[in-house]
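*Asks:* My questions concern the predicted model and sequence given below.
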Amino acid sequence: MTDDFTAHNGIKSAKIIQSKASANADNVKVYYSTLQIEKNKTYTVAFWAKVDAREGSKRDVVLSVQTINPEPFLKTITLDSVDWKEYVNVFTFPKDIEGNMRISLFVGLSDVDFWIDDFRFFEGEPTDEIMIGETLVNPKNKMPISWGHIKRITD
């Protein structure tokens, strides 16, 4: 659900509420699809999250980055703070994986509620992300024009 009262940045976040744990983590998913990846490149998934203190002090989620290849990148992340905390995951796809993909958080194994905000996916290491204060601008090399190609206007 959209939470209009709790946010890491801005005024809204996503709150994941689950009344009963599932037998499989991937029975409940939060995901974004139709992204592009390229072989042998490094990518970063980063987000801010916090656990609902009324529900518990931690919970596991599984980050899945999946392409057509049947073997996705999977990593279990333990959300372990009742205050906003950033979780950063860097990975490189092998040369035999290329094409459309989906980023998912499998959240089915726990009924501990949590919030997520400022979810980012970009090419490169965390230091390649372009930020102003805490506001995301654009990831590296993804701006519609590069600074070196902007011409000075003269009178």
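*Replies:* Perfect, I can see it now. Residues are numbered from 1 along each chain as shown.
*Asks:* Please enumerate the helices of the chain.
*Replies:* In order along the chain, the chain carries no helices (DSSP state H).
*Asks:* All the strands of it, residue numbers only.
*Replies:* Taking DSSP state E as the test, the strands found in the chain are 2-3, 13-16, 29-37, 42-51, 59-66, 73-79, 85-92, 99-106, 114-123, 129-132, 135-139.
*Asks:* out of those, nearest to residue 22?
*Replies:* With CB to CB, the closest approach to residue 22 among the strands of the chain belongs to strand 99-106: 9.5 Å. In this view, the C-beta of every residue, glycine as well, is placed from N, C-alpha and C.
*Asks:* Okay, buried residues for the closest one please.
*Replies:* Residues of strand 99-106 classed as buried: 101, 103-106 (neighbour count, 16 or more other CB atoms under 10 Å).
*Asks:* Equivalent analysis for stretch 121-132, please.
*Replies:* Those would be 121-124, 129, for stretch 121-132 by 16+ other CB under 10 Å.
*Asks:* One more: stretch 53-62?
*Replies:* By neighbour count on 16+ other CB under 10 Å, the buried set for stretch 53-62 is 59, 61-62.
*Asks:* Same list, these, but as JSON lines with distance to residue 25 please.
*Replies:* Output for the buried residues of stretch 53-62, formatted as JSON lines (distance: CB to CB, whole Å):
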{"residue": "59", "distance to residue 25": "11"}
{"residue": "61", "distance to residue 25": "8"}
{"residue": "62", "distance to residue 25": "5"}
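*Asks:* Among these, which one lies nearest to residue 110?
*Replies:* Of all the buried residues of stretch 53-62, residue 59 has the smallest distance to residue 110: 4.2 Å, by CB to CB.
*Asks:* That closest one pairs with what?
*Replies:* On the basis of DSSP bridges, residue 59 is bridged to residue 79.
*Asks:* Low-confidence ranges, the chain, go.
*Replies:* The model of the chain has pLDDT under 70 over residues 68-70, 95-99, 130-155.
*Asks:* what about 50?
*Replies:* Applying pLDDT under 50 to the chain flags the ranges 132, 134-135, 137-155.
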